[in-house]
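**Student:** A structural model of the following input is requested.
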Amino acid sequence: MSHRKLVIVPTYNELENISDMVRTVMELEGNFELLVIDDGSPDGTASVVKGLQSAYEGRLHLMERAGKQGLGTAYIAGFRWALAANYDFIFEMDCDFSHDPKDLIRLYEAIKSRDYDLAIGSRYVTGVNVVNWPMGRVLMSYFASKYVNLITGLPIHDATAGFKCYHRSVLEGIALDNIKFIGYAFQIEMKFTAWKLGFKLTEVPIIFTDRTRGQSKMSPKIFKEAVLGVILMKLKSIFSPYRLVKSN
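**Tutor:** A predicted model of the protein is given here:
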């Protein structure tokens, strides 16, 4: 029995990358499907996706949202869509090729036997595997994960990673309405919640290459949310135990 696999890619002004990303994912072995969630990109990203849908009928999907609403809300909307459509494995990936689409296969292979429930594409599990980032940003990202480990106990080397593969049971078990962060803290919150609920996490080493086209969405506000959010998340876990839910 073949598994149904959906890759969720949020976009905002990714005109320079979206065509290549769609074609690359569509050409991978394993019959991956792709859901692009576009937050009203003024550069016409969604129009490009619409233009490609006829070439990949039934495999390329588009969700259009009014305005920029944040990474976390985009993924939550995508998770709900994927669960309703009965996908078995659901992936998160950036559109800018900082995540190599070929590694989708490796993430799937890591959990398809169900020894693990969530596979994380990790920049730091075998050292520091980052290309084209300024040293300051590498250090900030690396020590952010160390900070998360220290505060929460989450046994993951790359706590802020946004390249992941979930078995649907993880997303079914998490109360998605209770996931509150919308920036990069969202990535930490999802891993922490899955771990607290008893799901098995594994890290797959990847090489992360900074985008060469388009603009980064990182901002001081997003970083501040992550720093403060980790403390709030830990406190919440002490006073309000995590429980599995049946459905979302």
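**Student:** now for the helix or strand containing Ile151, which elements pack on it?
**Tutor:** Following DSSP states H and E, the helix or strand that holds Ile151 is helix 135-152. Under the contact definition 3 or more C-beta pairs under 8 Å, 6 or more residues apart in numbering; DSSP states H and E, helix 135-152 sits against helix 185-196, helix 220-239. Yep, even glycine has a C-beta here, placed from its N, CA and C like the rest.
**Student:** how does it look with 7 Å?
**Tutor:** Other elements packing on helix 135-152 under the criterion 3 or more C-beta pairs under 7 Å, 6 or more residues apart in numbering; DSSP states H and E are helix 220-239.
**Student:** Pull out the CA atoms of the helix it packs on and give them to me as PDB.
**Tutor:** The C-alpha coordinates for helix 220-239 follow below in PDB (Å, rounded to 0.1, in the frame of the first residue of the first chain):
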ATOM      1  CA  PRO A 220      13.700  41.000  15.300                       C
ATOM      2  CA  LYS A 221      10.000  40.600  16.300                       C
ATOM      3  CA  ILE A 222      10.100  36.900  15.200                       C
ATOM      4  CA  PHE A 223      13.300  36.300  17.100                       C
ATOM      5  CA  LYS A 224      11.900  38.000  20.300                       C
ATOM      6  CA  GLU A 225       8.800  35.800  20.100                       C
ATOM      7  CA  ALA A 226      11.000  32.700  20.000                       C
ATOM      8  CA  VAL A 227      13.200  33.800  23.000                       C
ATOM      9  CA  LEU A 228      10.200  34.700  25.300                       C
ATOM     10  CA  GLY A 229       8.000  32.000  23.900                       C
ATOM     11  CA  VAL A 230      10.200  29.200  25.000                       C
ATOM     12  CA  ILE A 231      10.000  30.300  28.600                       C
ATOM     13  CA  LEU A 232       6.200  30.700  28.500                       C
ATOM     14  CA  MET A 233       5.900  27.300  26.800                       C
ATOM     15  CA  LYS A 234       7.900  25.600  29.500                       C
ATOM     16  CA  LEU A 235       5.900  27.200  32.300                       C
ATOM     17  CA  LYS A 236       2.600  26.200  30.600                       C
ATOM     18  CA  SER A 237       3.800  22.600  30.400                       C
ATOM     19  CA  ILE A 238       4.400  22.600  34.200                       C
ATOM     20  CA  PHE A 239       1.000  23.900  35.100                       C
END
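**Student:** on that earlier part again, what average pLDDT does the helix holding Ile151 get?
**Tutor:** The pLDDT scores in helix 135-152 average 86.
**Student:** Give me the distance from that helix to the chain's centre.
**Tutor:** Helix 135-152 has its C-alpha centroid displaced from the chain centroid by 18 Å (C-alpha atoms, centre = their mean, to the nearest Å).
**Student:** Check stretch 50-70 too.
**Tutor:** Distance of stretch 50-70 from the chain centroid (C-alpha atoms, centre = their mean) equals 17 Å.
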